[in-house]
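Asker: My questions are about this predicted structure, shown below with the sequence.
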Amino acid sequence: MFESLSEKIKGALNKIARAGHIDKPVVDQLIEEIKRALLSGDVNVALVEEFGKNIEKKAFEKIAPGMTRKEHILKLIYEELTNIMGAEKPVISLKPKKILLCGLFGSGKTTTASRLAKYYKKQGLRCAVVCCDTVRPAAYEQLEQLAKKVDVQFYGEKGEKDPAALIVRALKKIKADVIIVDSSGRDALDKELINEIASINSVLKPDERILVIPADIGQAAKEQADAFHKALDISDVIVTKMDATAKGGGALTACYATGAKIKFVTLGETPDDMEVYDPKKFVIRLVGMPDIETIVEKAKAAGLEEKAKKIMKADFDLNDFYEQMAGIGQVGSFSGIAGMLGLGNKIPKEMLDQQQEKSKKWKFMLDSMTQEEKQNPDVMEQSRIKRIAKGSGTSETEIRELLSNYHKTKKMSKQLGLSKMRQGDMAKLLRRGGIKF
């Protein structure tokens, strides 16, 4: 996510990391480059100016013992970027609760309802989703199908036009720890929508009132968040479609500027492509450092921890490569994991999109290989490739493509975003400043 923004910020940081002497002109140039990068990511102008002033003000203040001026400035940039992105990770309470989702048409409320249900289900809570969208014709069927997909309870009443009455009956019938209510949307927050959600709110008495906002609206998120908060006292925000727009920085910073706490962000199309929003981890990815912790957390949940460690260390054979591609959906989309690893746009998108589709053929190819060939693909030569293609019912070109993708992935995994030297320097500088990965 934010590939262009990330590349620009990494470029600016690399310049100062390589600079021999740090003086005011060097710092001023760094500030201007990062400000331009943030503005290109649709971050609010006032926030960008505040960011620049804070860096300028603190850049030449007294530094902590044992730190260099360069280390101090890099640490300062990390802290200020984290502040404008939300400062602190939200606290997610794992206890019985009722959640009301609201937002405009196209925000992704219904899909978010199923993702939330799956998230809390993974934490050991019984979940139910309730269709209170009495306006959109396909809302009932969509939420019902999504509920089946993530295996949680579903409640809805086709044809019911009174959402408050529906909620009364739903609360009597549903037996669950977490009840997630999907409300109707509109093209705009008008009086009709406010009254409808207010009626649901009065009956449901939710513990959390969450506004769902798509990242592609950018800075307009501030106006929307302000309006919903004033009308309905929103407790939290979920930002969707973060992987599909360059305006995500604007949405994140705009929501934060209203005082609303961003609780989750969604990054893909599957039910698992939602994560707790952690500004510190987000900035780590933005500056090109690998977010290893998030990958390991997801891998543990999917029972793939050892495979994830092998991926991160680039210590995998063809068996591991196949398993990581075939099972990648359990951890998240491959493009999402590439972003966490700090690879950004360094692996071609076409390659990322095609991996899982090809995994079935790859299984046949691996079944036709010897143990030596799977553990050491470098032994492959023409006669072996011809034998494997014949035994697996595939072509020699497809065998070579598998081997090529394996070698490319291994090479990219070793490189992790920045070059080894620059990545190592950046990690060392931020760690010495008290920032942990």
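Answerer: That came in fine, so what should we check first?
Asker: Can you show me the strands along the chain?
Answerer: 97-102, 127-132, 153-155, 178-183, 208-214, 236-240, 261-266, 274-276 (DSSP state E).
Asker: Quick one: those strands as CSV, columns for mean pLDDT, distance to Asp42 and mean neighbour count too.
Answerer: To be clear about C-beta, it is placed using only N, CA and C from the backbone, and glycine gets the same treatment. Shown next, in CSV, are these (pLDDT from 0 to 100; distance: least, CB to CB, whole Å; neighbours: other CB atoms under 10 Å):
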stretch, mean pLDDT, distance to Asp42, mean neighbour count
strand 97-102, 95, 24, 23
strand 127-132, 95, 32, 28
strand 153-155, 96, 37, 19
strand 178-183, 95, 28, 27
strand 208-214, 91, 13, 25
strand 236-240, 90, 13, 25
strand 261-266, 88, 15, 22
strand 274-276, 88, 21, 20
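Asker: Which among the ones you listed is found nearest to Ala164?
Answerer: strand 127-132 (8.7 Å; CB to CB).
Asker: relative to strand 178-183, how tilted is that closest one?
Answerer: The directions of strand 127-132 and strand 178-183 differ by 20 degrees, with axes from the mean of the first three to the mean of the last three CA atoms, to 10 degrees as the criterion.
Asker: and strand 127-132 with strand 97-102, angle?
Answerer: 40 degrees.
Asker: which residues are contacting strand 127-132?
Answerer: If you take CB atoms under 8 Å, 6 or more residues apart in numbering as the criterion, strand 127-132 is touched by 113-114, 116-118, 120-121, 139-140, 143-144, 146-147, 152-156, 163, 166-167, 170, 174, 176-184, 200.
Asker: That strand pairs with which strands?
Answerer: Strand 127-132 pairs in its sheet with strand 153-155 (parallel), strand 178-183 (parallel), by DSSP bridges.
Asker: surely Leu104 meets Asp190?
Answerer: No. At 10.1 Å, Leu104 and Asp190 do not qualify as touching, with contact defined as CB atoms under 8 Å.
Asker: about what we covered before: can you redo the strands paired with strand 127-132 as CSV, where the extra columns are distance to Glu372?
Answerer: Output for those, formatted as CSV (distance: least, CB to CB, whole Å):
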stretch, distance to Glu372
strand 153-155, 51
strand 178-183, 51
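Asker: out of those, nearest to Ala231?
Answerer: Comparison of the strands paired with strand 127-132 against Ala231 by CB to CB identifies strand 178-183 as nearest, at 12.7 Å.
Asker: from the chain's centre, how far out does the closest one sit?
Answerer: 22 Å (CA atoms, centre = their mean, to the nearest Å).
Asker: quick one: Lys191 and Ala227, what's the gap?
Answerer: Here Lys191 is placed at a distance of 12 Å from Ala227 (CB to CB, to the nearest Å).
Asker: try Arg18
Answerer: 46 Å.
Asker: who has more neighbours, these two?
Answerer: A count of neighbours by other CB atoms under 10 Å puts Ala227 above the other of Arg18 and Ala227, at 16 against 11.
Asker: That one against Ala188, yeah?
Answerer: No. Counting by CB under 8 Å, no contact exists between Ala227 and Ala188, whose distance comes to 9.1 Å.
Asker: Measure how buried the closest residue to Lys222 other than its chain neighbours is and give me the count.
Answerer: Once flanking residues are discounted, Lys222 sits nearest to Ala254: 3.6 Å by CB to CB, 6 or more residues apart in numbering. Ala254 has 28 neighbouring residues, counting by other CB under 10 Å.
Asker: Test my guess that Ala254 contacts Asn44.
Answerer: Yes. Ala254 lies in contact with Asn44 (CB under 8 Å); the separation is 6.1 Å.
Asker: Could you name every residue contacting both of the two?
Answerer: Here Ala254 and Asn44 have 219, 222 as joint contacts, going by CB under 8 Å, 6+ apart.
Asker: Show me the helices in the stretch 51-200 of the chain, by range?
Answerer: Remark: helices assigned in the stretch 51-200 of the chain by DSSP state H, counting those that start in this stretch are 69-84, 109-122, 139-150, 163-173, 191-204.
Asker: circling back: quick one: closest of the strands paired with strand 127-132 to Thr266.
Answerer: strand 178-183 (14.6 Å).
Asker: Need the residues that contact that closest one.
Answerer: With CB under 8 Å, 6+ apart, strand 178-183 has contacts from 96-102, 109-110, 113, 116-117, 120, 125-133, 139, 143, 163, 167, 170-171, 196-197, 200, 204, 206.
Asker: For the stretch 251-400 of the chain, give me the ranges with low pLDDT.
Answerer: Along the stretch 251-400 of the chain, the model assigns pLDDT under 70 to residues 256-257, 288-316, 322-357, 359-360.
Asker: 50 instead, please
Answerer: Scanning the stretch 251-400 of the chain for pLDDT under 50 picks out 290-296, 299, 304, 328-332, 334, 340-345.
Asker: From Gly11, how far off is the closest residue to Lys70 other than its chain neighbours?
Answerer: Leaving aside its chain neighbours, Lys70 sits nearest to Ile22 (5.4 Å; criterion: CB to CB, 6+ apart). Taking CB to CB as the measure, Ile22 falls 17 Å from Gly11.
Asker: Quick check: Ala37 vs Leu81, distance?
Answerer: For Ala37, the distance to Leu81 (CB to CB) stands at 10 Å.
Asker: Report the set of residues contacting both of these two.
Answerer: With CB under 8 Å, 6+ apart, Ala37 and Leu81 have common neighbours Ile9.
Asker: Now the most centrally placed residue in the chain, what are its backbone angles?
Answerer: When CA atoms, centre = their mean is applied to the chain, the residue found nearest the centroid is Leu267 (4.3 Å). Backbone geometry at Leu267, expressed as degrees, to the nearest 10, gives phi -130, psi 10.
Asker: How about the one 5 residues further on?
Answerer: According to degrees, to the nearest 10, the main-chain angles of Asp272 amount to phi -90, psi -10.
Asker: For Glu223, give its distance to Cys255.
Answerer: Applying CB to CB, the value for Glu223 to Cys255 is 11 Å.
Asker: who has more neighbours, the two?
Answerer: Cys255 (27 against 13).
Asker: Test my guess that that one contacts Ala215.
Answerer: No. The criterion here is CB under 8 Å, and Cys255 misses it with Ala215 at 9.9 Å.
Asker: Identify the contacts common to those two.
Answerer: Both Cys255 and Ala215 are in contact with 221, 239, where contact means CB under 8 Å, 6+ apart.
Asker: who has more neighbours, Ile22 and Gly11?
Answerer: More neighbours surround Ile22 than the other of Ile22 and Gly11, with 18 against 13 (other CB under 10 Å).
Asker: how close does the more buried one sit to Glu61?
Answerer: From Ile22 to Glu61 the distance is 13 Å (CB to CB).
Asker: and if you look at Gln123?
Answerer: For Gln123, the distance to Glu61 equals 43 Å [CB to CB].
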